[in-house]
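Trainee: Coordinates for the following, if possible.
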Amino acid sequence: MTDTYVQSNQPEGVPALELTGERTLPDVPEENYWYRRHLVVYEWIAERVKGLKVVDLACGEGYGSGVLGRSAAEVIGVDANPEAFEHASAKYTSENVSFRRELVESFKEPRDAVVFLQTIEHVQDPDSLVAGFAEIAPVSYISTPNLLTLAPEGAEKSDNPWHIKEYRLEEYRALLEPHFSRVEILGLHHARKLKVHELALSLGWDRVHKGLGLSKRFYDRFTPAIDASDFRLSDNDLEGSLDFLAVCHV
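Mentor: So this is what the prediction gives:
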């Protein structure tokens, strides 16, 4: 039997979403690692789109559109999922943030920047989609998980049923570079307490907490305490990064 996780403490009138694995959600303590891993990238991009008109494609729950809206002049969040659209429209209400329920492939409105995070691995025809980004905006921010750190060693894909194609660094460059004049790729890495946790695992922490029966108690406290500052973006050690963030200039 699989555990069911639903968002808690939603504002009045906002329908809570259930965690399915297709998209990450805030307000689910057990999902906090993945939420913060995505949030830090949105926050980094928000610093670079100040005063711009932005589209957040495959915006999901809408939290990223809300973050971008703190600095951008205008944000349109686009998602085809009806529950996500209803939730985002009710929760992230501001004058400069709006949501549309449509396929990302059909969005053709000119923007100053495209944001498309952790979704290209879900796409059947990524080449034509990326070509479309280059037609509507001078810069696109596109992220995806690193196959080498997501999937088991030697595997061509993780067990995530929503992913069609997961990328190695050279594959990701080969997808993006034909459509843009310049592609810069940064890697997301653990920092602060997640880096310490990484070190502890390398020293055998898994055996210790399991042997002492501490696993649930430890991770029930540790996971919700993870913050966006426990990740960092860098151009160092791209092959060993968790996710790739491509900044693509037309």
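
Trainee: which residues sit in contact with the residue lying closest to Val97 once chain neighbours are set aside?
Mentor: Leaving aside its chain neighbours, Val97 sits nearest to Gly69 (3.9 Å; criterion: CB to CB, 6 or more residues apart in numbering). (C-beta placed from N, C-alpha, C; glycine too.) Contacts were defined as CB atoms under 8 Å, 6 or more residues apart in numbering; by that measure Gly69 touches 75, 92, 94, 96-97.

Trainee: ok, so what distance separates the residue lying closest to Val208 once chain neighbours are set aside from His197?
Mentor: Leaving aside its chain neighbours, Val208 sits nearest to Leu214 (7.8 Å; criterion: CB to CB, 6+ apart). Per CB to CB, to the nearest Å, Leu214 is found 14 Å from His197.

Trainee: quick one: which of those two has more around it?
Mentor: His197 (15 against 11; other CB atoms under 10 Å).

Trainee: helices and strands of this structure: which one has the lowest mean pLDDT?
Mentor: Within the chain, no helix or strand scores below helix 205-211, which has a mean of 92 by mean pLDDT, DSSP states H and E.

Trainee: Would you mind listing where this protein has pLDDT under the threshold?
Mentor: By pLDDT under 70, the weakly predicted segments of the chain are 1-2.

Trainee: Scan it for its longest strand.
Mentor: In the chain, taking DSSP state E as the definition, the longest strand is strand 182-190.

Trainee: State which helix of this protein is the longest.
Mentor: helix 32-46 (DSSP state H).

Trainee: What lies in contact with that helix?
Mentor: 24-26, 28, 63-64, 67-68, 70-72, 113, 115, 117-118, 141, 143, 188, 223-224, 226-233, 242-243, 245.

Trainee: Just these: which are in helices?
Mentor: Going by DSSP H, the helices hold 63-64, 67-68, 223-224 from these.

Trainee: Quick check: Cys59 vs Leu169, distance?
Mentor: Taking CB to CB, one finds Cys59 at 26 Å from Leu169.

Trainee: about what we covered before: tell me which two in the contacts of Gly69 are the farthest apart.
Mentor: Tyr92 and Asn96 (10.6 Å; CB to CB).

Trainee: Now do the buried residues in stretch 170-181.
Mentor: Of the residues in stretch 170-181, 172-173, 175-176, 179-180 count as buried by neighbour count, 16 or more other CB atoms under 10 Å.

Trainee: Next: stretch 18-38.
Mentor: So for stretch 18-38, counting by 16+ other CB under 10 Å, buried means 19, 23-28, 31-38.

Trainee: Pick the one among the residues you listed closest to Ser202.
Mentor: Scanning the buried residues of stretch 18-38 for proximity to Ser202, where the rule is CB to CB, the winner is Tyr33, at 18.0 Å.

Trainee: Distance check, that closest one against Ile136.
Mentor: Distance from Tyr33 to Ile136, by CB to CB: 33 Å.

Trainee: what's next to stretch 120-139, contact-wise?
Mentor: 22, 55, 58, 104-105, 107-114, 116, 140, 142-145, 162-167, 175-176, 179-180, 247-250.

Trainee: Mind checking which of the residues you listed are buried?
Mentor: Buried among the contacts of stretch 120-139 by 16+ other CB under 10 Å: 55, 58, 104, 107, 111-114, 116, 140, 142-145, 163, 165-167, 175-176, 179-180, 247-248.

Trainee: dump the residue contacts of Ile164.
Mentor: 121-124.

Trainee: what about 10 Å?
Mentor: 120-126, 157 (CB atoms under 10 Å, 6 or more residues apart in numbering).

Trainee: Same question for Val67.
Mentor: Here Val67 is in contact with 39, 41-46, 56, 75, 92, 97, 115, 228 (CB under 10 Å, 6+ apart).
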